[in-house]
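Trainee: Predicted coordinates and the sequence they were generated for:
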Amino acid sequence: MRLGPWPFFHLMLWFAAPRRQRGHHGLASFKLLWYLCLLALASFPQQVWAPPYRIGVVGPWTCDPLFSKALPEVAARLAIERINRDPSFDLSYSFEYVILNEDCQTSRALSNFISHHQMASGFIGLANPGYCEAASLLGNSWDKGIFSWACVNYELDNKNSYPTFSRTLPSAIRVLVTVMKYFQWAHAGVISSDEDIWVHTANRVASALRSRGLPVGVVLTTGQDSQSIREALQRIRQADRIRIIIMCMHSALIGGETQMHLLEWAHDLKMTDGTYVFVPYDALLYSLPYKHTPYQVLRNNPKLREAYDAVLTITVESQDKTFYQALTEAAAGGEIPEKLESDQVSPLFGTIYNSIYFIAQAMNNAVRENGRASAASLVQHSRNMQFYGFNQLIRTDSNGDGISEYVILDTNWKEWELHSTYTVDMETELLRFRGTHIHFPGGRPPRADAKCWFAEGKICRGGIDPAFAVMVCLALLIALLSINGFAYFIRRRINKIQLIKGPNRILLTLDDVTFINPHFGSKRGSRASVSFQITSEVQSGRSPRLSFSSGSLTPATYENSNIAIYEGDWVWLKKFPSGDFGDIKSIKSSASDMFEMMKDLRHENVNPLLGFFYDSGMFAIVTEFCSRRSLEDILTNQDVKLDWMFKSSLLLDLIKGMKYLHHREFTHGRLKSRNCVVDGRFVLKVTDYGFNDILETLRFSQEEPSAEELLWTAPELLRAPRGSRLGSFAGDVYSFAIIMQEVMVRGTPFCMMDLPAEEIIDRLKKPPPVYRPVVPPEYAPPECLQLMQQCWAESAEQRPTFDEIFNQVRTLWILVLPGICPEASLPKTNSLGSHHIVEGNSYKGKSYLPLMNLRKLRPRRGRDTHDTVETTSPKTRTRPHVVTLRNTHCHKLRFFLSQRNFRTPRTYTSVGTGVDSYGGNQTDSKNSCEFVHKFHTFSVSSYFQLQIFECTPSSFRNGNTTTISTIKSSVVSSVTTIFLTCSTLEVSSATTPTGVTLRSHLQI
């Protein structure tokens, strides 16, 4: 690095040069003087080259005349001159000041402050708390300190969020709370004048008080007009239990007209009689003179003087001299213009002076310690300071919070001078009595609130006596317990009655049910035989009825039969382990609640619970009787041909039933193929749900299940204690996967493993490896195999829910079914009534039709009408008449058509069977028409879609038929479950040459 010439280099050259080259004597003397000046400047670098620190004095100096009375420029000049003369400052900075005007509107004030960015090194003032937080954040970004006496925002107390902000006076909220705590005035009201500065001040004061847990009843704004003042005071009177009213406006003692009018109106409204205490907020920001200082405004206004008896003035304590005395001394010393009248200067003058001195003291501490002073460093070094300000002692603690003393001033209605009554010690936050009592109107202060309002960490009850509060709480608790106990007793009594009496009774006895022949009561024989009887009757053209053999005459009892008749319908009894169950009245309330919840379950694929048989030492679940036996029986019966369509429909029914149970927060816990029963319409229904819950609630004794019974149980339940008697949602999904394996291969669980059940259970309990059935890919589509593997995942969390299974199934095989009428044409999108019409799908380049499930007929309980299609008449009592059924594509149909005889209820006349010919006619007096139908080759493993026209007898005789819009839900809902395997099935009137095609209905 190249350095410049040494400062004395030229001087040495001048002295070393020959005499004839120096010039005349005057030029030599000038050069010598010049270099001596340079040497002197180099000897005092700090004083000459000190960088200036410009302090911006921010305030509404031009828009508010009372703020302008603070004379900010005079105060700043006086402070700067005294700092520069003060020998106690060893600064490397020189101080300057600049007066920065703050707009009286908050939005413009913030905009002006941003424009002052380059005009100052630090700022004091900010009279409007409305933008203090934003200005402090900007100051942190600019690395410029904000030193304010007016920013009351409690958020600024966070030193970490606002590291460049500091208060030059103690927080006004701390001072207020200290006084309020001493007198126990917790309920406060805040009222402000309509200037933007004071409106924001009032809002911030209320927020700060509320942040300390104190109740602020009202925050109001008023103008100088009588109407707004009166309305504001009326609202304060209507507020609840207000003790202290904080007036955020210019004090009446320094010319505030709004406060003067407010106090006068309060006096007229009898609000200065000692009910309230009025506190001027602005006096907290300066030192108001009081020693030997009469106020002419009190002397000249008797009403204000009387009203001021209810005012407590809290202001900064002055030391040896008052503000006016200090101002007079400065004028006498020539530091400020002598023409200033002391009573025309606002005491805020001293606050401005003290704030500039505050920065100088902080900078002096920072420079001495660090040699430099950033904005954050200034704030940090403003701790533990103490200096004498304009006329008071300024002090801060170790946190940088001000601890200067305040004084409470009071007057009576006779005098116009203020007297000190208490000193507010901010270091200890206590009040010290100074010998003069406060003169409260009426002789006593406003009522005190509860001490708990000022206790940290406690929730106050609003001043209610603790003993009274405890008594009230105990009384309410006793009353509540009594009401709950009475309600429980009534509910328990009602439940007892509902259990054994009434049409909706749950507990059944031998008086309610009649057991029928034990030949039909065997678990494996009854349903098949009953199904065969009904099917044979229908196929032979006769009414469905039961024909008993000679063996059926054996008397049936609850001991040898599981089938009974209840209210005229066949029911099935699932017996519990035997034991002594006591009397019906001993049933627990929790059990009766569970009985009611189970009986309320209603779903097409859930076998409905009709009640609980409870008699003669036997307890059993009573459900609807299903003639097709269980899913296990169908799978093992080789006479029943099962194609993939049939299998998928059964699995879909199982999924929907389990989805419903899980939505109702029921876990099955015993799900297996033998607990899935199939009714006469080949609709699968889940049964035996809630069995484990009943066992646990009633504490039945139960033998340990065999290994064969546990093949459907999830591995985590096998490992759990008493796992066979507990269930879970994920465990039901695992059981469903095992049932899928049974349906796919049409075999028992793990039938391909060729291992005893005990060894299979041991392998399931102790992986690895994970042990599961193996299903060859030719038994089902790959998507179905993948779903099955997801459902029996080892981790219960990885198994899908039944909602997810349903969505996958609807996508995987319900809407796309291979191998069914690939030559059929696809139906178009259309709608019929409330049913939704869907389009077909494609699989491997071929078109297929979606699986159909029309609304099912809900017959009376137990009536085995499942093999028939019942068509009911509409409200006009007209019955379906001439119908032509013509199959256009497929050749395998299974169809039973019956006509109901309205004169003899519960009897059906078969009018057609699955034959390849037209059926006969059925006539019945005036209210009958003939059914014309045509069928192709009969096959058990095929299904069809039914489409119907309706006509009245008159319209039939006239050769007319109704339009398709007349097909109502009464007809459609009577159709049993139908799975579409053909493209269309045309239906037309016998007298109408044109056929009308109904599109496929998807209802899942």
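Mentor: Nice, I can see it.
Trainee: so what's residue 53 up against?
Mentor: Taking C-beta atoms under 8 Å, 6 or more residues apart in numbering as the criterion, residue 53 is in contact with 93-96, 121-122, 359, 363, 373. Just so you know, the C-beta spots here come from the backbone N, C-alpha and C atoms, and that holds for glycine as well.
Trainee: Pull the residues that contact stretch 362-375.
Mentor: 53, 88-93, 122, 139-140, 142-145, 163-164, 166, 377-382, 385.
Trainee: Repeat the analysis, applying 10 Å as the threshold.
Mentor: Counting by C-beta atoms under 10 Å, 6 or more residues apart in numbering, the neighbours of stretch 362-375 from elsewhere in the structure are 53, 83, 86, 88-93, 95, 121-122, 139-140, 142-147, 163-166, 168, 359, 376-385, 387, 396, 400.
Trainee: What is the end-to-end distance of stretch 369-384?
Mentor: The first and last residues of stretch 369-384 sit 14 Å apart, counting by C-alpha to C-alpha, to the nearest Å.
Trainee: What mean pLDDT does it get?
Mentor: Model confidence over stretch 369-384, given as mean pLDDT, is 87.
Trainee: hmm, back to that, buried ones among the contacts of stretch 362-375?
Mentor: For the contacts of stretch 362-375, a neighbour count by 16 or more other C-beta atoms under 10 Å gives the buried set as 53, 83, 89, 91-93, 95, 121-122, 139-140, 142, 144-147, 163-166, 168, 359, 376-382, 385, 387, 396, 400.
Trainee: mind listing which of these are in strands?
Mentor: Helix and strand membership here follows DSSP state E; of these, those in strands are 53, 95, 122, 146-147, 165-166, 387.
Trainee: Now distance to residue 275 too, for the contacts of residue 53, in JSON lines please.
Mentor: Below are those laid out as JSON lines (distance: C-beta to C-beta, whole Å):
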{"residue": "93", "distance to residue 275": "54"}
{"residue": "94", "distance to residue 275": "56"}
{"residue": "95", "distance to residue 275": "50"}
{"residue": "96", "distance to residue 275": "52"}
{"residue": "121", "distance to residue 275": "50"}
{"residue": "122", "distance to residue 275": "46"}
{"residue": "359", "distance to residue 275": "44"}
{"residue": "363", "distance to residue 275": "49"}
{"residue": "373", "distance to residue 275": "52"}
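Trainee: Of these, which is the nearest to residue 639?
Mentor: Comparing the contacts of residue 53 against residue 639 with C-beta to C-beta places residue 122 closest, at 100.6 Å.
Trainee: what residues are up against the residue lying closest to that closest one once chain neighbours are set aside?
Mentor: Setting aside the residues directly before and after it, residue 122 is nearest to residue 145 in space (C-beta to C-beta, 6 or more residues apart in numbering), at 4.3 Å. For residue 145, the contact set (C-beta under 10 Å, 6+ apart) comprises 55, 120-124, 136, 139, 163-166, 359, 362-363, 373-379, 382.
Trainee: And residue 145, its phi and psi?
Mentor: Its backbone dihedrals place residue 145 at phi -70, psi 150, with angles given as degrees, to the nearest 10.
Trainee: again, but for residue 615
Mentor: Per degrees, to the nearest 10, the backbone of residue 615 is at phi -170, psi 150.
Trainee: That one touches residue 559, doesn't it?
Mentor: No - contact criterion C-beta atoms under 10 Å: residue 615 and residue 559 do not qualify, at 11.8 Å.
Trainee: Mind checking which of the two has more residues around it?
Mentor: Taking neighbours as other C-beta atoms under 10 Å, residue 615 and residue 559 compare with residue 615 leading, 17 against 11.
Trainee: Name the nearest residue to residue 184, ignoring sequence neighbours.
Mentor: Using C-beta to C-beta, 6+ apart and skipping residues adjacent in sequence, the residue nearest residue 184 is residue 448, 3.7 Å away.
Trainee: ugh, wrong one, residue 794
Mentor: Of all residues not flanking residue 794 in the chain, residue 770 sits nearest, at 5.1 Å (C-beta to C-beta, 6+ apart).
Trainee: where does the one you found fall, helix, sheet strand or coil?
Mentor: coil (DSSP: H, G, I helix; E, B strand; the rest coil).
Trainee: which parts of the helix or strand where residue 199 lies are buried?
Mentor: Here residue 199 is covered by helix 196-211, with elements defined by DSSP states H and E. By neighbour count on 16+ other C-beta under 10 Å, the buried set for helix 196-211 is 196-209.
Trainee: just these now: which is nearest residue 741?
Mentor: For the buried residues of helix 196-211, the nearest to residue 741 is residue 207 (68.0 Å; C-beta to C-beta).
Trainee: check contacts around the closest residue to the closest one other than its chain neighbours.
Mentor: In space, and not counting its chain neighbours, residue 207 is closest to residue 154: 6.8 Å by C-beta to C-beta, 6+ apart. Residue 154 sits next to 171, 173-174, 204-205, 207-212 when contact means C-beta under 10 Å, 6+ apart.
Trainee: same question, residue 359
Mentor: Applying C-beta under 10 Å, 6+ apart, one finds that residue 359 lies in contact with 53, 55, 79, 83, 95, 121-124, 145, 147, 166, 168, 373, 378, 382.
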